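**Q** One predicted model, sequence on top.
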Amino acid sequence: METAEYIQMENRYGAKNYNPLDVVLSRGKGVWVWDVDGKRYMDCLSAYSAINQGHCHPKIQATMVEQCQKLTLSSRAFRNDQIALFYKEICEMTNSHKVLPMNSGAEAVETAIKVVRKWGYQTKGIPQGQAEIIVCENNFHGRTVTIVGFSSDESSRKGFGPFTPGFKVVPYGDADALEAAITPNTVAFLVEPIQGEAGVIIPPEGYLKKAKALCQKNNVVLILDEIQTGLGRTGRLLAEEHEGIEADMTLLGKALSGGFYPVSAVLSSHEVMNVLQPGEHGSTFGGNPLACAVARTAIRVIADENMIENADKMGEYFRTGLKQIDTQLIKEIRGRGLLIGVELNPEAGGARKYCQQLEGLGILCKETHDNIIRFAPPLVITREDIDWAMENIDKVFSA
Ligand SMILES: *Cc1c(COP(=O)(O)O)cnc(C)c1O
């Protein structure tokens with residue numbers, strides 16, 4: 001089939017909940033993807049950071065193939081020989097006590113919400129039905145009704161109510177606002193270390209440290225949503241390391257499988273996770289042997305192949321390259337590691353058209369909001385790759 005036919009068919013039968021660039025991909029390797037006409041592109045989105053390890057990483061692929069010939073799903077009614085090893089390895093790697101495996105990121109967020117509420121009633125003694133969770137403006141935590149209910153983005157919420165009560169929204173990056181919002185009924189503060197979907201918003205230095213201290217002082221669980229920032233993306237295993245803190249709960253997803261399979265996880269202290277009893281929470285696919293085997297290899301290659309250090313160095317190099325572009329169109333370049341946001345000036349007339357021009361030159365990236373382009377290539381990107389990208393990005397912005 002031709003590109004136009006794929007697009008027409010997809011548009012005819014599919015729900016219109018996305019507005020993709022008109023590129024139809026059929027193959028990927030490392031930082032590169034190819035469309036159905038054989039044209040090559042550099043992937044500078046990495047499936048919203050699910051492809052940190054690069055497309056079709058050979059070791060993860062081998063694990064996937066091997067495991068799917070042995071056992072794919074046991075259900076949690078029985079045990080399987082991958083889950084224990086996955087638990088041990090992810091807990092050791094992230095310095096966590098306990099883990100609860102789910103599938104999508106939104107499910108990890110929902111799981112955390114349930115666990116901290118129960119912890120609040122059982123351990124903190126909050127009256128039934130009164131638990132409050134504090135979240136931030138411009139958050140992105142997924143698409144379930146509960147989660148969009150505490151979003152401040154109108155297009156995510158509008159028309160989907162009624163919503164789950166029990167959430168308070170405070171400005172991001174403002175520790176005083178967090179402090180003022182905490183009450184005796186506050187069970188948790190749920191926050192992204194860097195707001196990716198909001199446009200790669202980095203909070204003021206010291207914010208997470210202050211948030212951690214406020215949570216500790218008030219017996220509030222600090223939940224860091226590292227679904228996008230975690231697993232090497234920002235040049236650290238977890239973005240919390242930039243501020244030298246440890247969350248009470250950490251949410252992982254996306255790159256936890258290197259893009260092969262939906263795998264997410266809630267990592268937690270003993271105290272909080274231990275409130276769950278058999279039958280109180282679960283998932284048919286969560287913790288399945290295929291997911292666990294794939295995730296084990298996906299996290300191993302991040303460490304073995306120095307992807308975290310590479311993200312740190314190449315992120316710096318990428319931003320330096322962007323800053324050398326001679327243009328009036330760019331307002332700000334920001335980021336940590338290979339999570340990079342380029343905010344355009346209002347005169348630029350929106351980010352979408354630049355993404356389309358970049359597509360023409362063989363670079364795939366996506367606007368977030370109207371005027372921000374996120375560059376988040378796989379963490380296996382090299383200096384030569386970035387030099388090539390920069391030549392093309394320069395053509396679009398200095399023209
Ligand atoms: C992508 C994302 C989610 C939701 O993950 P899904 O797998 O799409 O449900 C939650 N939080 C953050 C920070 C994300 O980037």
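**A** That came through fine. Numbers count the residues shown, from 1 in each chain.
**Q** Report whether stretch 15-27 contacts the ligand.
**A** No: against the ligand, stretch 15-27 shows no contacts by CB under 6 Å from any ligand atom, the least distance being 12.2 Å. Where you see a C-beta, it was placed from the backbone N, CA and C, and this is true even at glycine.
**Q** List the contacts of that stretch.
**A** By CB atoms under 8 Å, 6 or more residues apart in numbering, the residues outside stretch 15-27 that reach it are 3, 6-7, 33-36, 41, 355-356, 359, 364, 366.
**Q** Look up the closest residue to residue 313, ignoring the ones flanking it.
**A** Closest residue to residue 313 apart from its sequence neighbours, by CB to CB, 6 or more residues apart in numbering: residue 235 at 7.9 Å.
**Q** How many neighbouring residues does that neighbour have?
**A** Neighbour count for residue 235, taken as other CB atoms under 10 Å: 24.
**Q** Let me see the contact set for it.
**A** Taking CB under 8 Å, 6+ apart, we find residue 235 in contact with 308-309, 311-313, 315, 336-338.
**Q** cutoff 10 Å now
**A** Listed by CB atoms under 10 Å, 6 or more residues apart in numbering, the contact partners of residue 235 are 241-242, 307-316, 335-339, 379.
**Q** Can you report how many residues neighbour the residue of the chain found nearest the ligand?
**A** For the chain and the ligand, the shortest gap (CB to the nearest ligand atom) falls at residue 105, measuring 2.1 Å. Residues contacting residue 105 under the criterion other CB under 10 Å number 27.
**Q** Show only the entries of the contacts of residue 235 found in helices.
**A** Among those, the members found in helices (DSSP state H) are 307-316.
**Q** Pipe these into TSV and attach distance to residue 90 and neighbour count per row.
**A** Formatted as TSV, these follow (distance: CB to CB, whole Å; neighbours: other CB atoms under 10 Å):
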residue	distance to residue 90	neighbour count
307	16	27
308	15	22
309	20	14
310	21	21
311	19	29
312	22	19
313	25	15
314	25	22
315	24	25
316	28	15
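**Q** What residue spans form the domains of the protein?
**A** Using automatic domain parsing, the domain parsing of the chain gives 3-56+306-398, 58-304.
**Q** need those in TSV with mean pLDDT, can you?
**A** Formatted as TSV, the domains of the chain follow (pLDDT from 0 to 100):
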stretch	mean pLDDT
domain 3-56+306-398	97
domain 58-304	98
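**Q** Please identify the deepest-packed of the ones you listed.
**A** Among the domains of the chain, domain 58-304 has the highest mean neighbour count (mean count of other CB atoms under 10 Å), at a mean of 19.
**Q** Run the chain-centre distance for that domain.
**A** On the basis of CA atoms, centre = their mean, to the nearest Å, domain 58-304 is displaced by 10 Å from the centre of the chain it belongs to.
**Q** Kindly report the residues of the stretch 251-399 of the chain close to the ligand.
**A** Neighbours of the ligand within the stretch 251-399 of the chain, by CB under 6 Å from any ligand atom: 253-254.
**Q** again, but for the stretch 1-150 of the chain
**A** The stretch 1-150 of the chain has residues 48, 104-106, 109, 140-142 near the ligand, with proximity defined as CB under 6 Å from any ligand atom.
**Q** Same list, those residues, but as a markdown table with secondary structure please.
**A** As requested, those are arranged in a markdown table below (DSSP: H, G, I helix; E, B strand; the rest coil):
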| residue | secondary structure |
| --- | --- |
| 48 | helix |
| 104 | coil |
| 105 | helix |
| 106 | helix |
| 109 | helix |
| 140 | coil |
| 141 | coil |
| 142 | coil |
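**Q** Alpha carbons only: can I get stretch 88-98 in PDB?
**A** Extracted as PDB, the C-alpha positions of stretch 88-98 are listed here (Å, rounded to 0.1, in the frame of the first residue of the first chain):
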ATOM      1  CA  LYS A  88      15.000  -8.200  43.000                       C
ATOM      2  CA  GLU A  89      16.800  -6.500  40.100                       C
ATOM      3  CA  ILE A  90      14.500  -3.400  39.800                       C
ATOM      4  CA  CYS A  91      14.600  -2.900  43.600                       C
ATOM      5  CA  GLU A  92      18.300  -3.300  43.800                       C
ATOM      6  CA  MET A  93      18.800  -1.000  40.800                       C
ATOM      7  CA  THR A  94      16.600   1.800  42.200                       C
ATOM      8  CA  ASN A  95      17.300   1.200  45.900                       C
ATOM      9  CA  SER A  96      13.600   0.400  46.600                       C
ATOM     10  CA  HIS A  97      12.100  -2.000  49.100                       C
ATOM     11  CA  LYS A  98       9.000  -3.200  47.300                       C
END
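**Q** Please enumerate residues in contact with it?
**A** So stretch 88-98 is contacted by 87, 99, 101, 115, 226, 230-231, 237-238, 240, 246-250, 252, 256, 265-274, 276, 292, 295-297, 299-300, 302-303 (CB under 10 Å, 6+ apart).
**Q** Among these, which lie within helices?
**A** Those of those mapping onto helices are 87, 115, 270-273, 292, 295-297, 299-300, 302-303, per DSSP H.
**Q** Next, give phi and psi for the residue nearest the centre of the chain.
**A** With distances taken as CA atoms, centre = their mean, the chain has residue 228 as the residue nearest its mean C-alpha position (1.7 Å). Dihedral pair for residue 228: phi -100, psi -30, per degrees, to the nearest 10.
**Q** ok, it - contacts?
**A** Taking CB under 10 Å, 6+ apart, one finds 48-50, 105, 140, 192-197, 200, 234, 239, 251-255, 339, 374, 376 in contact with residue 228.
**Q** Alright, that wraps it up for me.
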